[in-house]
Each structure stands twice: as C-alpha cells, then as structure tokens.
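> Sequence and predicted structure below; questions after.
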Amino acid sequence: MKLANSSAFTQRLTKMEKLFIPFMMSGDPTPELTIELAYTLQQSGADVIELGVPYSDPLADGPTIQRAASRALAQGMNIQRAMELVPNMRKKGVEIPIVLFTYYNPVLQYGIERLMEQLQAHEIDALLVPDIPLEQRDAISGLAEQYGIPLISLVAPNSAQRVQTIVKQASGFLYCVSSLGVTGERTVLNPDIVAFLAQVKRHSHVPVAVGFGISTNEQVKSIFEHADGVIIGSKMINIIEEKRQQLVQEETREMALQQIKREIMQLVQA
Amino acid sequence: MSVTFPDVNGRFGDFGGKFVPETLIVPLLEIEAALQKAMKDDGFIETFHQELKTYSGRPTPLTFASQLTHAIGGPSIYLKREDLNHTGAHKLNNAIGQALLAKRMGKTKIIAETGAGQHGVAAATVAAKLGLKCKVFMGEKDIERQQLNVFRMKLLGAEVIAVSSGSKTLKDATNEAIRHWVAHCDDEYYLIGSVVGPHPYPKMVRDFQRIIGDETMAQLGGEIPDRIYACVGGGSNAMGIFYPFLNKEVELVGVEAAGKGVHSSHHAATLTKGTPGVIHGSMTYLLQDEYGQIVEPYSISAGLDYPGVGPEHAYLHKTKGVRYEAVTDDEALQAIKTLSQTEGIIPAVESAHAIAQALKEANQLEQHQSIVINVSGRGDKDMHTIMNYFKGELGA
C-alpha cells in the first residue's frame, strides 16, 4: 500500500500555474460514465479532480449540484462506491490528483478513521468537507494527519481576520469561495474579489483556487489574473447533463465525450 | 445536572456545535455577540417581556384540568396554556425575541422556515408588528396541506417562498432558508423556529422559550410537580418548559411522534429510533440510513414531522436528564377528543402527543401527585386533519 504523502500533493500543485479543478458527481449519470468522464476531464486539461459524494441535504450547493446528487443517489451511489471508482479511473489512465468532496454526515456514519484508511487504500489524494469549518476541524484533522490525507480548507469573502488562521492550516490548495451564496453559475462575479484574493494570496503558502459561480471563459481568464486556479462545478454538471442521452447510449458515447472535451477546453483556455 | 450548557463552542456534551460552510461562520458569530450583549441589557429584556405581555397576552394560564383529573382518578393534571398565546402557539415567544434582536442588529429583513406554518405565521406576525420585511420558506407539499396558514402569512404581508427541492417539506424548507441566508447574510436575519440549527440558535431559542417554564414554576407557587410532559419535534416548547426544571426533583418527559408506529418506517421518533449525526449545522440525533443520507420522517402532525431534534434534547437523552417516549397518530388523535370533551380545550395535534403520553402513564402516579402538560398550541389549524380522521364519527 502506498502511503499518501500530503507534502507530495502540495508540492506537486505548488509548481503548477493556472490550475483547472473541475468537480464531478460520482455516479452521475452512471458510475461507469464517471470513470470515462474523469479521463475526459484529464484530457481536457484538468489538473485535479474534485470527486463529489452525493448527499441528500447539501447545504452549500445550489440546484444544479442538488440535481446531480439526486440522480447519483438514485443510481445507488454512496461514499464507499465513490472511493471504489478511483482505482478504476487510475486503470483507465487518470493520473492527476483526486480530491474526495463529501459533506460531514456521510463521513460520520462511515467512520472517520475508516474513511482515512480507505482514502489511503484507494490512493485518493485529499479530502474536502465543506461543512467542517475551522472550529470543528479537530474532529477530523488528527486522523487525517495520521493517515497523511491533506484536508482542503475553504475561505469566504466574509472570513475577514479568520483568513490568516485558515491559510496556516491549509494543505494542497486553498479553496477560495468567490462570493456569498451557494454553488451555481453566476452571471457577474463579486466585484470585491480582486482585493479579497490579494489578501488571501498574501498569506497563503499553497495555491489559491477560486470556486463558486464560475461558468464562462471570460470569468476563467479574469480569475487567472488574480489567483492560481479555478474550480468549476455546476457548469461541469450542466455540460454533462446536456449530453446525458448521448452518453448513456453506447453508439453516441465517444462522440459525446469528445464534444464535452472540446467544450471544456474552450471554457478554460487561458 | 449542569445547566450552564452550551459551552463556548456551542456544544451540549457531544452535541450541538457549528457544522456549516465557512461563509456562515461570521454571521453566526455576529448573532452570538449581539445576543450576549442584548441578554445583559435590561432595556432589551424589558422590551421583550413587555411585548410578551401586551402583544402576545402572557402570562398564559396554568389551568387545573378538574374534569380530566376526575375522569382519570389519578394525579392532579395541570395544563400550561401556550395555546392561548397570540397566533395560537408558543412559537411567538421566540419570534418576538429574535425579531427584536434582528432589529437591534440593524437588520431590516428576516427569513424563516416553516413546516405546518405556525412558525411562519409567528415570524410574519412579528415582522408586521416591528416593521420588518419577511420571507418564509415552505415546502411545496406543506403549502398544499396548509393552504390556510399560507394565506395567513400573505395577509400579514410576508412573502411565502415555495421550496421544491428534496422532499418538499420542513427539512428542505430549512435547507433552502439556510442556502438563501448564505447569499444574503449581510443584510438579512435568519429567524429559526426551534431549538435546532448551528450555535447559537439552540441556546437562543431555548432562552426565549424558557418563559414557559419560568411562568409555570411561579404559577405552581413553589411546588414542584411530579412529572412534566411536552411534545418534541425540534423541541422548542419542551426545552422552554423543561429548562427551568432541569435541576429540580421532577421527571421530565419528552414525547415524539411515532406516526404509524416506531417499528414501521413511518415515524418521526428521532431520539427513540435515530442515531447521532449532523443535520442543519448541528450534531444531534437524526433519522438516516447507513450511508448518512437523511431519511424522510412521517407524522400526522406537521410540526413534529422533522428528521432531527434539538442538540440539547440529544444531550438530555444521552445523559437521561429527560425521558423520551413516542406516541402514534392514533393515540394523539384520541387524546384530542378526550381533552376536547372533558375540558373544552381543543389542542394542536402536536400538543396532543404530550397529552396522550400523560394519560397513558397517569395510573403510575398517586392521587396526591401532580403533573403538568404543556399544551403548546391550539387545534384550530388542524381542524381539517382531525375532521378527516374522525370521518364517519361525530357526524364529520
């Protein structure tokens, strides 16, 4: 068993610029297609994949990701099966780091130590739990450290003086929430974001990636001017959602994957 | 028993806390700071009590149920009459307190979640009274079931927002209210209706509801009853009446909704059947599957139809400070008939759960003993449900 190494993950990312970090929901549209799509994302230039575990009550997510979660749950997806997808992605040729994204309650029921063990066993590079803020981090940070699993930290535009404390504990990359609100496409990004990103970057020793609401190439370009990476979630789900029918049918699958790849490359080109 | 909970992290032992996205932490800290200051400000406390008295009609009476006591032939039964509050339930106590706090914080808009509509109506009422804008999130299913309360809220000037996500009931209305708040926390105040959610809500709602227990204690003239019964959904009326009695020699009984039975899959008996986990930002007991997905509860009572429970109840359950029982739809509905016909009081279907459990256990006590039942609300809102249930009987 390979011992996951948090500093290796961090080091690998630190050397990279203009990180593209797409989010995908395990099991949406199907578990098999999640594996195919992970490979397509890598081919489209993804540097890290954020792999979502579906949850019945995702508090930080807007309608698009909620819908994806419902579809995935209907496919019988759960935290165990989501992790089991990763070795299959590796077999398929996915080499980029994979971060497991899950709300806290599925982690609690699965068992915190069991999760860390399994993340390590499945060679998953990091963990992101959006409803574990700084104050509750102790609940999982000890075991995460013991198993060498980096925990991705989030900062928000209203984090104010908390930013310094949060970045101190950051590993991998720092997830910078672009604006107040839940995930989902936004036509206009928060105008104060430049000052906010400057503040965060001043303190951060890991790459700063911006997520929430990013859905156009224009937005991607403007984020790249002020941050080290972009995280794109709802827009990814939408792109996949549109091709759902073609993806599910074997005859049209390859073409749909190619179209998705083209669309994503256009979205993130610098 | 310690009554100094929660600790500085908002924990009641293993329960409570703040399991929310980073974006909500600062707004929660702001509320906590404002609350701490307000509770030490005599002016704020005085205004709160003045509104409770002259607007809500407090103190609510403690009624000796002479007919029911006689019929049972057991202990003396007293009813704490929260049904006589303005808007018909205990919900207004908390709505007044939080709306005053919101105003003090300079907020001009409040948002609220509601299941049956009682908290939505309380929030809309106090918003009208204090000149605040009010948005109420309500599941589409509940909107269908509670047309009259939807209209009441609109008549009071509130905007009712239909929630179509998830199961379209209270759980999802709460999710959607939180999601909305994340985007608008800079100028809106989230007025939670029960002792649930992230810190400081469970503590704050309890502290605004403890007036129920404080009054009861004063009305009993220093005598401590043998048992106190209250229904538990999220658990605000129960925390309200229990809290001042927590270190007293009295058995406290919280009554959950067993729906069609705790051995069926149709119940809302969170403490009886649930397991620890996180819901709506708080560590507590909840109904969930083995992978931590939250399971839809069921109860004939929309106010008890919630898959979680306040974290302080979770703590009191674990430490056995309160005994929790569960009562079925059938038992609750029969209790409505009993109380209506012996005392001329039609209780809310939620409160009827507490009454049913008290009547079930009355023969365990002696005639010289006494019990208090919290009648958390009146049954007007439930007439349709009650009529359907007794179809064929009573000429309905």
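The structure has been received and is ready for your questions.
> Okay, now the unreliable bits of chain B?
Within chain B, the ranges that satisfy pLDDT under 70 run B:1-3, B:395-396.
> mind listing what's buried in the longest strand along it?
Of all the segments assigned as strand in chain B under DSSP state E, the longest by residue count is strand B:251-259. Buried residues in strand B:251-259, counted by 16 or more other Cβ atoms under 10 Å in any protein chain shown: B:252-259. All C-beta atoms are positioned from the backbone trio N, CA, C, and that covers glycine.
> Export the residues you listed as TSV, with columns for distance to chain A.
Formatted as TSV, the buried residues of strand B:251-259 follow (distance: Cβ to the nearest Cβ, whole Å):
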residue	distance to chain A
B:Leu252	28
B:Val253	29
B:Gly254	23
B:Val255	26
B:Glu256	20
B:Ala257	20
B:Ala258	23
B:Gly259	20
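> contacting residues around residue 60?
With no chain named, the answer covers chain A. Residues counted as contacts of A:Ala60 (Cβ atoms under 8 Å, 6 or more residues apart in numbering or on different chains) are A:130-131, A:182-183, B:21, B:23, B:179, B:182.
> other chain: chain B
B:80-85, B:212, B:215.
> Then A:Ser204?
Applying Cβ under 8 Å, 6+ apart, we find A:Ser204 in contact with A:167, A:170, A:174.
> I'd like the distance between the first one and chain B.
Between A:Val167 and chain B the distance is 12 Å, computed by Cβ to the nearest Cβ, to the nearest Å.
> The last one now?
A:Leu174 sits 11 Å away from chain B, going by Cβ to the nearest Cβ.
> before we move on, what about the second one?
From A:Ala170 over to chain B the distance is 12 Å, taken as Cβ to the nearest Cβ.
> which SSE is that residue in?
Secondary structure here is read from DSSP states H and E; on that basis A:Ala170 sits in neither a helix nor a strand.
> That one contacts A:Val206, doesn't it?
Yes - A:Ala170 lies in contact with A:Val206 (Cβ atoms under 8 Å); the separation is 5.0 Å.
> And those two? Which one has more around it.
Between A:Ala170 and A:Val206, A:Ala170 has the larger neighbour count (other Cβ atoms under 10 Å in any protein chain shown), namely 23 against 19.
> where along the stretch 101-250 of chain B do the strands fall?
Using DSSP state E, counting those that start in this stretch, the strands of the stretch 101-250 of chain B run over residues B:109-114, B:133-139, B:159-163, B:188-190, B:227-231.
> again with the stretch 101-250 of chain A
Secondary structure of the stretch 101-250 of chain A (DSSP E, counting those that start in this stretch): strands located at A:126-128, A:153-155, A:174-177, A:208-211, A:229-232.
> out of these, deepest packed?
Among the strands of the stretch 101-250 of chain A, ranked by average contacts under mean count of other Cβ atoms under 10 Å in any protein chain shown, first place goes to strand A:174-177 (a mean of 28).
> quick revisit: so which of the contacts of A:Ser204 comes closest to A:Gly229?
Proximity of the contacts of A:Ser204 to A:Gly229, judged by Cβ to Cβ, is greatest for A:Leu174, which lies at 9.4 Å.
> what residues are up against the closest residue to A:Pro97 other than its chain neighbours?
Closest residue to A:Pro97 apart from its sequence neighbours, by Cβ to Cβ, 6 or more residues apart in numbering or on different chains: A:Asp125 at 3.9 Å. Under the criterion of Cβ under 8 Å, 6+ apart, the contact partners of A:Asp125 comprise A:4, A:9, A:48, A:97-99, A:150, A:172.
> Same question for A:Asn190.
The neighbourhood of A:Asn190, defined by Cβ under 8 Å, 6+ apart, consists of A:157, A:178-180, A:196.
> could you pick out which of the residues you listed are near chain B?
The subset of these within reach of chain B, by Cβ under 8 Å from any Cβ of the partner chain, is A:157, A:180.
> Scan the contacts of A:Asn190 and report the most crowded one.
Looking at the contacts of A:Asn190 with neighbours defined as other Cβ under 10 Å, the largest count falls to A:Pro157 at 25 neighbours.
> With adjacent residues omitted, what lies nearest to that one?
Sequence neighbours aside, A:Phe196 is the residue nearest to A:Pro157 in space, at 5.2 Å (criterion: Cβ to Cβ, 6+ apart).
> Contact residues of the stretch 101-250 of chain A facing chain B?
Residues of the stretch 101-250 of chain A found near chain B (Cβ under 8 Å from any Cβ) are A:103-110, A:130-136, A:154-160, A:162, A:166, A:177, A:180-182.
> What subset of those is buried?
Under a neighbour-count criterion of 16+ other Cβ under 10 Å, the subset of those counted as buried comprises A:103-110, A:130-136, A:154-159, A:162, A:166, A:177, A:180-182.
> and the buried residues of strand B:251-259 as TSV, adding distance to A:Val188?
Conversion of these to TSV gives the following (distance: Cβ to Cβ, whole Å):
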residue	distance to A:Val188
B:Leu252	53
B:Val253	54
B:Gly254	48
B:Val255	50
B:Glu256	47
B:Ala257	45
B:Ala258	50
B:Gly259	47
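> Tell me, how many residues neighbour B:Glu30?
B:Glu30 has 15 neighbouring residues, counting by other Cβ under 10 Å.
> which secondary structure element contains it?
For B:Glu30, the element it lies in under DSSP H and E is helix B:22-39.
> Any idea how far that helix is from the middle of the chain?
In terms of Cα atoms, centre = their mean, to the nearest Å, the centre of helix B:22-39 is set 22 Å apart from its chain centre.
> Quick one: residues in contact with it.
The set of residues that contact helix B:22-39 without belonging to it, under Cβ under 8 Å, 6+ apart, is A:60, A:133-135, A:154-160, A:162, A:166, A:177, A:180-181, B:18, B:20, B:44-45, B:100-101, B:104-105, B:178, B:181-182, B:185-186, B:189, B:198-200, B:204, B:207, B:281.
> C-alpha coordinates for it, CSV please?
Coordinates of each C-alpha in helix B:22-39 appear next as CSV, following Å, rounded to 0.1, in the frame of the first residue of the first chain:
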residue,chain,number,x,y,z
GLU,B,22,-17.3,28.9,6.3
THR,B,23,-19.5,31.7,4.8
LEU,B,24,-21.9,31.3,7.7
ILE,B,25,-19.4,31.4,10.5
VAL,B,26,-19.0,35.2,10.7
PRO,B,27,-22.8,35.9,10.5
LEU,B,28,-23.3,33.3,13.3
LEU,B,29,-20.5,34.9,15.4
GLU,B,30,-22.2,38.3,14.9
ILE,B,31,-25.5,37.0,16.2
GLU,B,32,-23.8,35.4,19.1
ALA,B,33,-22.1,38.6,20.1
ALA,B,34,-25.3,40.6,19.6
LEU,B,35,-27.3,38.1,21.7
GLN,B,36,-24.8,38.1,24.5
LYS,B,37,-25.0,41.9,24.7
ALA,B,38,-28.8,42.0,24.4
MET,B,39,-29.3,39.5,27.2
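> circling back: pLDDT at the residue nearest to A:Pro97, what is it?
At A:Asp125 the predicted local distance difference test score is 96.
> Now do the same for the residue most central in space within chain A: helix, strand or coil?
With distances taken as Cα atoms, centre = their mean, the residue of chain A nearest its centroid is A:Glu50 (2.5 Å). Here A:Glu50 is recorded as strand under DSSP: H, G, I helix; E, B strand; the rest coil.
> For chain B, what is the nearest residue in the stretch 151-270 of chain A?
Checking the stretch 151-270 of chain A residue by residue against chain B with Cβ to the nearest Cβ singles out A:Gly181 as nearest, at 3.4 Å.
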